[in-house]
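Trainee: Any chance you can model this:
(2 chains)
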Amino acid sequence: MNKIEKYLRKLNDNSDIMPIIQTKNLTKFYDKLKAVDDLSIEVEEGEIFGLLGPNGAGKTTLLMMLTTLRKPTSGTATVNDFDIAKQQDQVRKSIGIVFQDPSSDDILTGYENLKLHGMLYGMPADLRERRIKEVLELVDLTDRKDDLVKKYSGGMRRRLELARGLMHRPKILFLDEPTLGLDPQSRERLWEYIENLAKNEKISIVITTHYMDEADKLCDRLVIIDSGKIVAIGSPEKLKKIIGGDIVILEVDKPKIDELKKLSFAKKVETKDGLLYLTVINANRHLPEILKTVGKVKSVEVRSPTLDDVFIYYTGKEIRDDSPEGGWIQRVIHQRSNR
Amino acid sequence: MSEATGIYALWYREFKVFLREKSRIVSSIINPILWFLIIGGGIGSSISFGKINYQTFIFPGILIQTALFSSIFFGVYIVWDKKIDFLKEVLVAPISRTSIFVGKILGGSTDALIQISILLIIGVAFVQTGIISGLNISITSVLTSMAFMFVAIVGLVSIGLIIGSQMESPEGFQLISSFLIFPMFFLSGALFPINNLPPWIATFTFLDPMTYAVDGLRGVLVGISQFSIYFDFLVVSAFSFVMVLIGIFAIKRMKL
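Mentor: This next block holds a predicted model:
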């Protein structure tokens, strides 16, 4: 993009925020399988942007293309204004990544892993030492820096890798399923670090996850993708508004569905797994009337819509949490049990 | 400049890991010594070549055997790096794949050369204590041997990396590499003289690059060789050069 084009764009957009990542009709085939399908998205500078979708939706493939580890079949993308196919080195210098699987050497200490990273990125020794100190403090690992990574917990290891991804001061940080396989406490701690980063370091963050609550909590904007295509894009609040009401889940023996459908405030009535799902405007207020209409109720649950509901709304399927796409631990266990 | 730091970084990592895995060093030293003492001693009790006893004869062969096994086997670590995401961390760094390959070669060669040096020192100790005789140990012969070994090891580590870059599992690596390692070892003349072989074995022996490594090293350390040492060195260098080229090609088209 030349300067004039950029200038015109700014005028048209009426904003001075340039997208830090921009993909245009990005497509990736694996043999005949379309993993990423004609994807055009923009990530703005300084935001936490989520790539949300079930396993195999194409999130990781997209990430691999944006980080120059795989080449797109067709389409283009720019990262920090550099072309991912033609200016790989500049792209690589602009980004930091925390991979889905552990990517630190566990026979080295935390410090040595960071040193290695600094050298790979061509940092002079004094700068490297300074940054190592800085990022270790940021993730609270200073007093464990000389321990072998083997002795770290899963959460500590992920934090070390987060620190490593930040060491060369990237403009964009990619996090691929950063909390996969972590216990709830470590998860929340990691979330805190990520939120602080976005706030204090003015860094753009792209995060892939199949945890809806994670995306909801962290992301300024997110794109839901399924089978390589965009399903929906926007802020979590905006996306949840699409549902247009609260969710009421009822367990009823013989539900009078037709009569429920006549109620003006019931936007959607569905049965699934023997349960009745209603989308209701202002459920707290209308619940008594629903209970009166539906028949003999065994149990009832009212909740605000989640990103899960948004996903179901668009695709008709659920994102399941119980089948992670194989962190290395799962893979190891899987292999062991197959022997 | 940053490519050079990157190469140094990769070497640094391999070297650190090598030093920490003590069992790897110990087992890589014990096996050759067993070969030397038991096979060499056992067969040597009924065979000798003129003035040269069998143990002395196979000493250079055992050095090459160690280089062969540990260099090619080094390629398995790239498969392990692939299994976790460490390899991605390296590939996403702003350095070229050629530099990554060079860094790996240097790392693997250092490992193998350290093992060889330990064996050479043990060899010197054997000479001093009179366990073997007829080894030509001097500063020149040791340095020439190391140069010979280094060139051969670069080619062998390349073979390991070529296989490793294309394999998905350590088991697969093991299978493919042993198909190469054992013929290369047995045909090389590490354990027998090659001047009187049946024609069909001789054909394969002359095709095996390790034959020239063993022959050259034996020329330097024992003083008997089939070809001139310069010719041996030339063949081994050519072999390593070609392997490095193929290796760079393989690492460039390596998929994750």
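Trainee: in chain A, which strand has the most residues?
Mentor: strand A:19-30 (DSSP state E).
Trainee: And that one, how far out from the chain middle?
Mentor: 16 Å (CA atoms, centre = their mean, to the nearest Å).
Trainee: so after that strand, what's the next helix or strand?
Mentor: strand A:33-39 (DSSP states H and E).
Trainee: Sheet partners, orientation included, of that next one?
Mentor: Strand A:33-39 has its sheet partners listed here by DSSP bridges as strand A:19-30 (antiparallel).
Trainee: Provide the contact partners of the strand it pairs with at residue level.
Mentor: A:34-45, A:49, A:58, A:61-62, A:65-66, A:70, A:72-80, A:171-172, A:204, A:206, A:228 (CB atoms under 8 Å, 6 or more residues apart in numbering or on different chains). The C-beta positions use only the backbone N, C-alpha and C, and glycine is treated the same way.
Trainee: Go through it and flag the buried ones.
Mentor: Buried residues in strand A:19-30, counting neighbours by 16 or more other CB atoms under 10 Å in any protein chain shown, are found at A:19-23, A:26-28.
Trainee: and the residues you listed as TSV, adding pLDDT?
Mentor: Listed next are the buried residues of strand A:19-30 as TSV, based on pLDDT from 0 to 100:
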residue	pLDDT
A:Pro19	90
A:Ile20	93
A:Ile21	94
A:Gln22	94
A:Thr23	94
A:Leu26	93
A:Thr27	93
A:Lys28	92
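Trainee: As CSV, these with distance to A:Glu259 would be great.
Mentor: Output for the buried residues of strand A:19-30, formatted as CSV (distance: CB to CB, whole Å):
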residue, distance to A:Glu259
A:Pro19, 50
A:Ile20, 52
A:Ile21, 50
A:Gln22, 51
A:Thr23, 48
A:Leu26, 48
A:Thr27, 48
A:Lys28, 49
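Trainee: before we move on, which element is the spatially closest residue to B:Ser28 that is not a sequence neighbour in?
Mentor: Ranked by CB to CB, 6 or more residues apart in numbering or on different chains and with sequence neighbours excluded, the top spatial neighbour of B:Ser28 is B:Gln115, at 4.8 Å. When elements are assigned from DSSP H and E, B:Gln115 belongs to helix B:97-128.
Trainee: Would you tell me what the next helix or strand after that helix is?
Mentor: Scanning onward from helix B:97-128 (DSSP H and E), the first element met is helix B:139-166.
Trainee: sec struct for the most centrally placed residue in chain A, please.
Mentor: Centroid-nearest residue in chain A, with CA atoms, centre = their mean: A:Thr208, separated by 2.7 Å. Secondary structure assignment for A:Thr208 (DSSP: H, G, I helix; E, B strand; the rest coil): strand.
Trainee: Can you spell out the domain ranges of chain A, please?
Mentor: Following automatic domain parsing, one gets these domains for chain A: A:3-239, A:245-304.
Trainee: Confidence-wise, which of those is weakest overall?
Mentor: Confidence, taken as mean pLDDT, is least for domain A:245-304 of these (a mean of 85).
Trainee: Pull the distance from it to the chain's centre.
Mentor: 32 Å.
Trainee: thinking again about what came up before, so among the contacts of strand A:19-30, which ones count as buried?
Mentor: Judged by 16+ other CB under 10 Å, buried ones among the contacts of strand A:19-30: A:34-37, A:39, A:41-45, A:49, A:58, A:61-62, A:65-66, A:70, A:72, A:75, A:77-80, A:171-172, A:204, A:206, A:228.
Trainee: Go through these and flag which are in strands.
Mentor: Counting by DSSP E, the part of the buried ones among the contacts of strand A:19-30 found in strands is A:34-37, A:39, A:42-44, A:49, A:75, A:77-79, A:172, A:204, A:206.
Trainee: residues contacting whatever residue of chain B ends up closest to chain A?
Mentor: At 2.8 Å from chain A, B:Ser2 is the closest residue in chain B, using CB to the nearest CB. Applying CB under 8 Å, 6+ apart, we find B:Ser2 in contact with A:121-122, B:94-95.
Trainee: hmm, 10 Å instead?
Mentor: A:89, A:93, A:119-124, B:93-95, B:99 (CB atoms under 10 Å, 6 or more residues apart in numbering or on different chains).
Trainee: Please enumerate the helices of the stretch 151-300 of chain A.
Mentor: A:154-166, A:184-200, A:212-218, A:236-243, A:257-262, A:283-294 (DSSP state H, counting those that start in this stretch).
Trainee: In CSV: these, plus distance to B:Ile33.
Mentor: Shown next, in CSV, are the helices of the stretch 151-300 of chain A (distance: least, CB to CB, whole Å):
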stretch, distance to B:Ile33
helix A:154-166, 39
helix A:184-200, 47
helix A:212-218, 56
helix A:236-243, 66
helix A:257-262, 82
helix A:283-294, 79
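Trainee: Specify the stretch among those that is closest to B:Gly189.
Mentor: helix A:154-166 (48.7 Å; CB to CB).
Trainee: Restricting to C-alpha, output the closest one in PDB.
Mentor: This file holds the C-alpha atoms of helix A:154-166, laid out as PDB (Å, rounded to 0.1, in the frame of the first residue of the first chain):
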ATOM      1  CA  GLY A 154       2.500 -26.000  33.400                       C
ATOM      2  CA  GLY A 155       1.400 -22.400  34.300                       C
ATOM      3  CA  MET A 156       5.000 -21.300  35.000                       C
ATOM      4  CA  ARG A 157       6.200 -22.700  31.700                       C
ATOM      5  CA  ARG A 158       3.500 -20.900  29.800                       C
ATOM      6  CA  ARG A 159       4.400 -17.700  31.600                       C
ATOM      7  CA  LEU A 160       8.100 -18.100  30.700                       C
ATOM      8  CA  GLU A 161       7.000 -18.600  27.100                       C
ATOM      9  CA  LEU A 162       4.900 -15.400  27.400                       C
ATOM     10  CA  ALA A 163       7.900 -13.600  28.700                       C
ATOM     11  CA  ARG A 164      10.000 -14.900  25.900                       C
ATOM     12  CA  GLY A 165       7.500 -13.800  23.300                       C
ATOM     13  CA  LEU A 166       7.700 -10.300  24.600                       C
END
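Trainee: measure the closest residue to A:Lys298 other than its chain neighbours to B:Tyr54 for me?
Mentor: Among residues not flanking A:Lys298 along the chain, A:Glu251 sits closest, at 4.2 Å (CB to CB, 6+ apart). From A:Glu251 over to B:Tyr54 the distance is 86 Å, taken as CB to CB, to the nearest Å.
Trainee: Looking at those two, which has the bigger crowd around it?
Mentor: B:Tyr54 (21 against 14; other CB atoms under 10 Å in any protein chain shown).
Trainee: Could you pull up the residues touching the closest residue to chain B within the stretch 101-250 of chain A?
Mentor: Minimum separation of the stretch 101-250 of chain A from chain B (CB to the nearest CB) falls at A:Gly122, amounting to 2.8 Å. If you count contacts by CB under 10 Å, 6+ apart, A:Gly122 has them with A:93, A:128, A:168, B:1-6, B:9, B:93-95.
Trainee: Flag the least confident of the residues you listed.
Mentor: Scanning these for pLDDT, the low point is B:Met1. It has 57.
Trainee: Which residue lies nearest the spatial centre of chain B?
Mentor: B:Ala67 (2.2 Å).
Trainee: can you pull the contacts of that residue?
Mentor: So B:Ala67 contacts B:32, B:109, B:112-113, B:115-116, B:119, B:148-150, B:152-153, B:155-157, B:210, B:213, B:217 (CB under 10 Å, 6+ apart).
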